[in-house]
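*Asks:* heads up, no residue letters with this:
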Ligand code: UDP
């Protein structure tokens, strides 16, 4: 355990429109999270796409969270393009959906304890059941929906504490999930808290992930839009993000 703590080296950071994002590959992100688990103190992990950058620019509380997060992974074709344009390229996409899969795999292999929090009632539990079929030894020690009211919150925090997870995966949408995790970080005492957006919907089979070729072509947003037309707001933000990068982001 100690050696993992000692091996900590600073992660390379890109700055897109003033928002820091780590230039990590999936394997480096997972290694960083394993170090956080070994350290035992609370850490916040954010998966940042173009929309996350725009949210940060309009929401000082979220901007501060991202500035102070322990790991910010690069997600989405728009953000990867911005990295290339600003001559601070990201090595690959490290998305929330893929991180969930790898964390469950690591739990299966190494016994890490995971807690799923978020999505509509029964979705987190269905995601848990489906992932356990693939990784039967994974320790998914709790699954709770993300539509609780304020007076249910302290019981929920107590439940998470008692389950003693190493990783709390929070799927309540950005920036709600990050703000909630940060607000309760001391009470929760979980070494890794990570916002994973709509990932449980994917593993529960509520929404289908885009085929690999579409993910690789940078058109996953189109697939998401067809599945859920309410995502139009996010898609409309993409040209807005591109415009801001083209007009305001310095090229190193
Ligand atoms: N959600 C939740 N509690 C809420 C609002 C949303 O658990 O109060 C869930 C919702 O059911 C969905 C996820 O949060 O599973 C948000 O998914 P989305 O793809 O919109 O995430 P984003 O890309 O905005 O982070």
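*Replies:* Sure, I can see it. Note that the structure is a prediction, hence the values are computed from the model and not measured.
*Asks:* quick one: buried residues of stretch 203-223?
*Replies:* 203-204, 206-207, 209-210, 215, 220-221, 223 (16 or more other Cβ atoms under 10 Å). Placement of C-beta: from N, CA and C, glycine included.
*Asks:* Relative to the whole chain's centre, how far out is it?
*Replies:* Computed by Cα atoms, centre = their mean, to the nearest Å, the chain-centroid distance of stretch 203-223 equals 17 Å.
*Asks:* what mean pLDDT does that stretch have?
*Replies:* Stretch 203-223 shows a mean pLDDT of 87.
*Asks:* ok, it near the ligand or not?
*Replies:* No - Stretch 203-223 does not reach the ligand (Cβ under 6 Å from any ligand atom); its nearest approach is 7.8 Å.
*Asks:* Start and end of that stretch, how far apart?
*Replies:* Taking Cα to Cα, to the nearest Å, stretch 203-223 runs 16 Å from one end to the other.
*Asks:* mind putting the buried residues of stretch 203-223 in a markdown table, secondary structure included?
*Replies:* Listed next are the buried residues of stretch 203-223 as a markdown table, based on DSSP: H, G, I helix; E, B strand; the rest coil:
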| residue | secondary structure |
| --- | --- |
| 203 | helix |
| 204 | helix |
| 206 | coil |
| 207 | coil |
| 209 | coil |
| 210 | coil |
| 215 | helix |
| 220 | helix |
| 221 | helix |
| 223 | helix |
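*Asks:* Tell me which two in those are the farthest apart.
*Replies:* 204 and 221 (21.2 Å; Cβ to Cβ).
*Asks:* ok, now which ones touch residue 37?
*Replies:* Residue 37 makes contact with 112, 166-167, 191-192, according to Cβ atoms under 8 Å, 6 or more residues apart in numbering.
*Asks:* OK, contacts around whichever residue of the stretch 1-150 of the chain sits closest to the ligand?
*Replies:* In the stretch 1-150 of the chain, the residue that lies nearest the ligand is residue 146 (2.2 Å; Cβ to the nearest ligand atom). Residue 146 makes contact with 117-120, 124, 170-172, 177 under the criterion Cβ under 8 Å, 6+ apart.
*Asks:* Let's see that with 6 Å instead.
*Replies:* Residue 146 makes contact with 118-119, 172 under the criterion Cβ atoms under 6 Å, 6 or more residues apart in numbering.
*Asks:* Save these as a markdown table, and put in secondary structure and pLDDT too.
*Replies:* Formatted as a markdown table, the contacts of residue 146 follow (DSSP: H, G, I helix; E, B strand; the rest coil; pLDDT from 0 to 100):
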| residue | secondary structure | pLDDT |
| --- | --- | --- |
| 118 | strand | 98 |
| 119 | coil | 98 |
| 172 | coil | 98 |
